[in-house]
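> When you get a sec, could you give me coordinates for this:
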Amino acid sequence: MTSTQPQQRYEIGMVGLGVMGRNFLLNMADHGFSVDGYNGIELGAIWDDVKFGIKHRNDFIKVATVGAPRWMDWVMKASSAIMSGEVRTFSTERLREALDWVNT
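From the prediction side, this is the model:
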């Protein structure tokens with residue numbers, strides 16, 4: 001799957017734009033972060049994400065997932081084996097902790 005749109009770099013991305021996700025991204029944008037969000041995910045997008053992660057595995061310093069389903073914990077642990085950066089998962093209630101950790 002290829003895009004005809006120019007590549008945009010985002011500081012924060014979120015999959016799942018329920019009430020909390022949408023408000024979180026709007027708040028981050030209001031504070032000067034470049035953000036992007038997706039409501040749901042397709043199989044092709046997952047494959048694109050895997051390819052991106054492998055290509056850029058040494059470019060990440062910290063990766064945090066917040067409020068992800070239980071299976072994502074396993075995916076993040078597995079990805080930490082090939083990434084040079086540190087990977088952590090946080091429950092939705094620990095959003096502030098995740099942001100503090102990423103920014104330290």
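
> which residue packs closest to the residue nearest the centre of the chain, ignoring adjacent ones?
Central residue of the chain (Cα atoms, centre = their mean): G13, 4.9 Å from the mean position. Nearest residue to G13, sequence neighbours excluded (Cβ to Cβ, 6 or more residues apart in numbering): D36, at 5.1 Å. Backbone N, C-alpha and C define where each C-beta goes, glycine included.

> Tell me, how many residues neighbour the one you found?
By other Cβ atoms under 10 Å, 14 other residues sit near D36.

> One more: I12?
Per other Cβ under 10 Å, the neighbour tally for I12 reads 15.

> can you pull the contacts of it?
Listed by Cβ atoms under 8 Å, 6 or more residues apart in numbering, the contact set of I12 reads 25, 28, 33-36.

> Narrow these to those that are buried.
The neighbour count (16 or more other Cβ atoms under 10 Å) marks 25, 28, 35 as buried among the contacts of I12.

> Save those residues as JSON lines, and put in distance to K51 too.
Listed next are those as JSON lines, based on distance: Cβ to Cβ, whole Å:
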{"residue": "L25", "distance to K51": "24"}
{"residue": "M28", "distance to K51": "26"}
{"residue": "V35", "distance to K51": "22"}
